[in-house]
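# My questions concern the predicted model and sequence given below.
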Amino acid sequence: MAMAPDPNTKPCAICGKPVDARYKPFCSKRCADVDLNRWLSGSYVIPGSELLPEDDEEQRPAPARKDAE
Ligand SMILES: [Zn+2]
């Protein structure tokens, strides 16, 4: 018996293959990942630099002065 696609099931939005119930609404984990990556890259913009400026005052070695007294 041929496996007829479920008319209630939409094809995978990524590649158009029949959807696997485990990966609804996609046919495979790969397609789910593809969609996730699209979604993330579209809405989650990585800022150029969100690094906090380093507080190098604490890292600067204190000058060893002995002539201050
Ligand atoms: Zn797919």
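In hand now; what should we look at? Residues are numbered from 1 along each chain as shown.
# From Arg38, how far off is Val19?
Noted for Val19: a distance of 17 Å to Arg38, by CB to CB, to the nearest Å. Just so you know, the C-beta spots here come from the backbone N, C-alpha and C atoms, and that holds for glycine as well.
# Up against the ion, what does this structure have?
The chain comes close to the ion at residues 12, 14-15, 17, 27, 31, as judged by CB under 5 Å from the ion.
# mind giving me a markdown table with those residues and columns for secondary structure and pLDDT?
Converted to a markdown table, the residues of the chain next to the ion look like this (DSSP: H, G, I helix; E, B strand; the rest coil; pLDDT from 0 to 100):
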| residue | secondary structure | pLDDT |
| --- | --- | --- |
| Cys12 | coil | 93 |
| Ile14 | coil | 91 |
| Cys15 | coil | 95 |
| Lys17 | coil | 95 |
| Cys27 | coil | 95 |
| Cys31 | helix | 95 |
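# rewinding a little: could you check which of Val19 and Arg38 has the larger neighbour count?
Legend: neighbour count by other CB atoms under 10 Å for Val19 and Arg38, higher for Val19 (19 against 12).
# That one reaches Ser28, doesn't it?
No: if you go by CB atoms under 8 Å, Val19 and Ser28 don't touch, sitting 9.3 Å apart.
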